[in-house]
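Trainee: need a 3D model of the sequence below.
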Amino acid sequence: MMIHEITAVAGKYKARKRVGRGRASGVGKTSGRGHKGAGSRSGFSRRHQFEGGQMPYFRRISKRGFTNVQFKTNFWIANLGDILDHPAFAKGGKVDAQALVDAGLIRDSSRPVKILGDLGDHKKLDVKLEVNVERVSGAAKALITDAGGSVTEIGTRRDQVRGVDRNSDDLSPKNLTKKLRRGGKGKGGKKKK
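Mentor: Here you go, the predicted model:
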């Protein structure tokens with residue numbers, strides 16, 4: 001028996017627990033709130049990491065270093081195997097964000113798209129695909145071009161701001177007009193006042 005079969009028989013919604021309905025209910029008198037204290041009163045709320053007033057764990061551990069996690073770019077991922085399995089691309093055609101959304105291979109166009117080269121059950125790529133997305137992996141690009149297709153990488157917003165052309169061999173940024181000066185030093189190495 002599968003979980004979806006159980007819910008179909010048992011019903012979609014679970015009945016809410018009715019507290020304060022006498023001793024026999026199992027949640028009578030104090031209604032599962034214990035005796036007195038803040039937790040027994042209405043309107044009580046507490047942080048999930050609250051430790052009774054002692055120094056919380058996230059403040060006890062030392063903070064060191066730097067992380068780039070907030071600057072990372074999240075992609076929608078689509079494998080070549082999944083694209084080939086879909087009837088919309090069985091005979092080739094244009095592959096872009098909107099076509100992948102329509103096919104149900106990605107959720108929406110809120111993130112940039114990256115195509116990966118995993119073919120899944122397919123031995124080789126034997127249809128021509130015109131791929132026009134933000135990123136395409138090296139393996140996927142080789143497979144698509146060998147099959148006679150074309151790959152155009154739009155580049156992410158960060159690529160466009162930095163002036164990186166994803167379709168050329170030179171991926172160095174072109175829009176960096178001045179170098180970052182560390183330590184607040186101006187020209188000649190003298191510190192700014």
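Trainee: hey, where'd the strands end up in this protein?
Mentor: 76-79, 93-95, 113-116, 129-133, 135-136, 150-153 (DSSP state E).
Trainee: parallel or antiparallel, list what pairs with the fourth one.
Mentor: Think strand 129-133. strand 93-95 (parallel), strand 150-153 (parallel) (DSSP bridges).
Trainee: what does the fifth one give?
Mentor: The strands beside strand 135-136 in its sheet (DSSP bridges) come out as strand 113-116 (parallel).
Trainee: what does the first one give?
Mentor: Strand 76-79 has these partner strands in its sheet, going by DSSP bridges: strand 113-116 (parallel).
Trainee: please name the residues that touch the residue most central in space within the chain.
Mentor: In the chain, the residue lying closest to the centroid (CA atoms, centre = their mean) is Asn74, at 4.8 Å. Taking CB atoms under 8 Å, 6 or more residues apart in numbering, we find Asn74 in contact with Arg111. The way it works is simple: take the backbone N, C-alpha and C, and place the C-beta from them, glycine included.
Trainee: do you know the pLDDT at it?
Mentor: Note for Asn74: predicted pLDDT of 95.
Trainee: and Arg182, by the same measure?
Mentor: 63.
Trainee: low-confidence ranges, this protein, go.
Mentor: 177-193 (pLDDT under 70).
Trainee: where do the helices sit along it?
Mentor: With helices called from DSSP state H, the chain shows them at 3-10, 57-60, 80-85, 97-103, 138-146, 157-162.
Trainee: ok so, going back, now the strands of the chain as JSON lines including mean neighbour count and distance to Gly52?
Mentor: Output for the strands of the chain, formatted as JSON lines (neighbours: other CB atoms under 10 Å; distance: least, CB to CB, whole Å):
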{"stretch": "strand 76-79", "mean neighbour count": "19", "distance to Gly52": "43"}
{"stretch": "strand 93-95", "mean neighbour count": "17", "distance to Gly52": "56"}
{"stretch": "strand 113-116", "mean neighbour count": "22", "distance to Gly52": "46"}
{"stretch": "strand 129-133", "mean neighbour count": "21", "distance to Gly52": "51"}
{"stretch": "strand 135-136", "mean neighbour count": "22", "distance to Gly52": "48"}
{"stretch": "strand 150-153", "mean neighbour count": "16", "distance to Gly52": "54"}
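Trainee: please tell me how far the residue nearest to the centre of the chain sits from Thr7.
Mentor: Per CB to CB, to the nearest Å, Asn74 is found 32 Å from Thr7.
Trainee: what's the answer for Ala140, then?
Mentor: Ala140 is 39 Å from Thr7, by CB to CB.
Trainee: surely Gly93 and Gly149 touch.
Mentor: No: applying CB atoms under 8 Å, one finds Gly93 not in contact with Gly149, separated by 9.7 Å.
Trainee: how about Gly52, what does it touch?
Mentor: Counting by CB under 8 Å, 6+ apart, Gly52 has no contacts.
Trainee: look up phi and psi at it.
Mentor: Main-chain dihedrals, Gly52, degrees, to the nearest 10: phi 80, psi 20.
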